[in-house]
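Peer 1: Sequence first, then the predicted structure:
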Amino acid sequence: MAHKILVTGGTGYIGSHTTVELINAGYEVVIIDNLSNSNVKVLDGIEKITGVRPAFVEGDCTDLATLDRLFKEHPGIDGIINFAASKAVGESVQRPLLYYRNNLVTLINLLEEMPANGVKGIVFSSSCTVYGEPDVNPIDETAPIKEATSPYGNTKQISEEIIRDFVASGAPVKSILLRYFNPVGAHPSAEIGELPNGVPNNLVPYLTQTAAGIRKELTIFGDDYNTPDGTCIRDFIDVTDLAKAHVIAMKRMLDGEDTRAVEVFNLGTGNGLSVLQLINAFEHATGVKVPHKIGARREGDIEKIWADPKKANEVLGWKAEMDIEDTMRNAWRWQCKLGK
Ligand code: NAD
Ligand code: UFG
């Protein structure tokens, strides 16, 4: 019988793409989302792509009673993928308690529900932000965890520790911590993609909105970094590639014989691309110009970080496959669908 998976935050950006890949792989999906940063219409997009409409619970994971009800109404959930979280770095500095409450209470509630409901494993959305500014690149999973530079980043570090402590206490659950680098792009069908709220903070949605004429110009935050072209370097990972890694991680936890109780994997391409190189890739892929100017550095930005994904490549048998220009074409198709 197909495993039943609870996807928290499943109408969000990465959650919706992962739901598509889970359904395509034969899993049954139940989504819980409070729609604080997504739209219920995302379910239509998922259905158009897969032909299946996942079960949907509109609810808040910080409310234990809601989760109790969910597990009663949807018995037999084998695994959880926990995407539900608040994720704006800047906002987390302004409103730290909101971030600690939402991200940590959500996780604690889910962990608490697992043994009682026979849920065997949880995949957790972590971030390369736990490494801070790396001493060396590419960075692998053995690199030290550096002091967090924002409450958001701190919730990821604390969440990883909470999971490790819970499993170490003898709780009958497994976990895979996935440290994402910079997820970008949209589903090739343009039925789902990123839905930024207000003025985007992240590079790619700002870039596509500028290309669409919604924003006048893109400001590159600093060109005086110690990098070949002076702009920051990131590891931009296609969101569908990223989504596929979750399916493999889930299978490993639920069906694998000899997996360790807690495992951690970097999810990146292994290639660093500068902000300017990414803009060039977009322009080359789409033929659309992106007006841009150089501005001041953004406080708290890491100069350069890219993944050593060898462990995920070898242990999970997962590899990022998408070409960055294809990813940029998908991002642009999605922006065009959203409107100009
Ligand atoms: P997103 O905001 O698009 O998705 C998160 C979803 O969770 C949203 O639909 C939101 O409505 C929902 N949600 C938030 N709090 C909730 C709660 N208490 N109960 C129920 N639903 C709730 O974000 P995303 O980019 O898809 O990120 C998913 C996960 O990956 C997050 O945990 C994020 O921190 C992590 N992550 C994202 C990135 C990135 O750059 N996008 C990088 C590293 C890690
Ligand atoms: N950038 C610009 N102009 C913009 C927006 C971004 O030049 O308008 C630059 C930034 O300075 C940075 C790069 O583009 O050098 C990438 O910035 P993003 O905001 O897109 O991404 P970050 O690497 O800062 O952070 C993202 C998520 C975090 C997450 C981290 C690692 O926002 O939540 O990736 O996964 F923790």
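Peer 2: Arrived safely. Ligands and ions are numbered 1, 2, ... in the order given.
Peer 1: What are the boundaries of the strands in the chain?
Peer 2: Assigned by DSSP state E, the strands in the chain fall at 4-8, 28-33, 55-58, 77-82, 121-127, 174-180, 182-184, 218-221, 233-234, 236-238, 262-267, 273-274, 292-295.
Peer 1: So which residues make contact with the last one?
Peer 2: Strand 292-295 is contacted from outside by Thr210, Glu217, Leu218, Thr219, Ile220, Phe221, Gly222, Asp223, Ile279, using CB atoms under 8 Å, 6 or more residues apart in numbering. Just so you know, the C-beta spots here come from the backbone N, C-alpha and C atoms, and that holds for glycine as well.
Peer 1: number of nearby residues for the residue in the chain positioned nearest to ligand 2?
Peer 2: Nearest residue of the chain to ligand 2, counting by CB to the nearest ligand atom: Cys232, 3.1 Å away. Residues near Cys232, counting by other CB atoms under 10 Å, number 24.
Peer 1: for the one 5 residues further on, same thing?
Peer 2: Ile237 has 29 neighbours, counted by other CB under 10 Å.
Peer 1: Residue numbers of the stretch 201-340 of the chain in contact with ligand 2?
Peer 2: With CB under 6 Å from any ligand atom as the criterion, the stretch 201-340 of the chain meets ligand 2 at residues 201-203, 206, 218-221, 232, 234, 275, 298, 301.
Peer 1: One more pass at 5 Å, please.
Peer 2: Asn202, Leu203, Tyr206, Ile220, Phe221, Cys232, Val275, Arg298, Asp301 (CB under 5 Å from any ligand atom).
Peer 1: from these, which would you call buried?
Peer 2: Asn202, Leu203, Tyr206, Ile220, Phe221, Cys232, Val275 (16 or more other CB atoms under 10 Å).
Peer 1: my read: the last one touches Leu203, true?
Peer 2: Yes: contact status for Val275 versus Leu203: in contact at 6.5 Å, counting by CB atoms under 8 Å.
Peer 1: circling back: show me the contacts for the residue of the chain closest to ligand 2.
Peer 2: Contacts for Cys232 (CB under 8 Å, 6+ apart) come out as Phe221, Gly222, Tyr225, Ser274, Val275, Asp301, Ile302, Glu303, Lys304.
Peer 1: Can you give me the distance of it to Arg297?
Peer 2: 9 Å (CB to CB, to the nearest Å).
Peer 1: any idea how far the residue lying closest to Pro96 once chain neighbours are set aside lies from Gly90?
Peer 2: The shortest distance from Pro96 to any non-neighbouring residue, by CB to CB, 6 or more residues apart in numbering, is to Pro151 (3.9 Å). Separation of Pro151 from Gly90 (CB to CB) stands at 10 Å.
Peer 1: Of the two, which one has the most company?
Peer 2: Taking neighbours as other CB under 10 Å, Pro151 and Gly90 compare with Pro151 leading, 21 against 13.
Peer 1: Kindly state the pLDDT recorded for that one?
Peer 2: With respect to pLDDT, Pro151 scores 96.
Peer 1: do the same with Lys340
Peer 2: 63.
Peer 1: and what of Gly287?
Peer 2: For Gly287, pLDDT reads 98.
Peer 1: before we move on, the earlier item: now, the buried ones among the residues of the stretch 201-340 of the chain next to ligand 2 that are in helices?
Peer 2: Under the assignment DSSP state H, those contribute Leu203, Tyr206, Val275 to helices.
Peer 1: who touches the last one in this structure?
Peer 2: Under the criterion of CB under 8 Å, 6+ apart, the contact partners of Val275 comprise Leu203, Ile220, Phe221, Thr231, Cys232, Ile233, Arg234.
Peer 1: Could you list the low-pLDDT ranges of the chain?
Peer 2: 1, 258-259, 340 (pLDDT under 70).
Peer 1: Any chance of CSV for the buried ones among the residues of the stretch 201-340 of the chain next to ligand 2, columns distance to His187?
Peer 2: Listed next are these as CSV, based on distance: CB to CB, whole Å:
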residue, distance to His187
Asn202, 18
Leu203, 19
Tyr206, 20
Ile220, 28
Phe221, 28
Cys232, 27
Val275, 24
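Peer 1: Ignoring the adjacent residues along the chain, who's closest to Ala171?
Peer 2: Sequence neighbours aside, Pro115 is the residue nearest to Ala171 in space, at 5.8 Å (criterion: CB to CB, 6+ apart).
Peer 1: And the helices in this protein?
Peer 2: Taking DSSP H as the criterion, the chain contains helices spanning 13-24, 42-50, 64-73, 89-94, 96-100, 106-116, 151-168, 203-211, 239-255, 275-286, 310-311, 324-338.
Peer 1: Include distance to Pro188 when you put those into a markdown table, please.
Peer 2: Output for the helices of the chain, formatted as a markdown table (distance: least, CB to CB, whole Å):
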| stretch | distance to Pro188 |
| --- | --- |
| helix 13-24 | 11 |
| helix 42-50 | 9 |
| helix 64-73 | 31 |
| helix 89-94 | 29 |
| helix 96-100 | 33 |
| helix 106-116 | 30 |
| helix 151-168 | 29 |
| helix 203-211 | 15 |
| helix 239-255 | 7 |
| helix 275-286 | 13 |
| helix 310-311 | 27 |
| helix 324-338 | 5 |
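Peer 1: right, so the ones you listed: which one is the most enclosed?
Peer 2: Most buried of those, by mean neighbour count (mean count of other CB atoms under 10 Å): helix 13-24, with a mean of 26.
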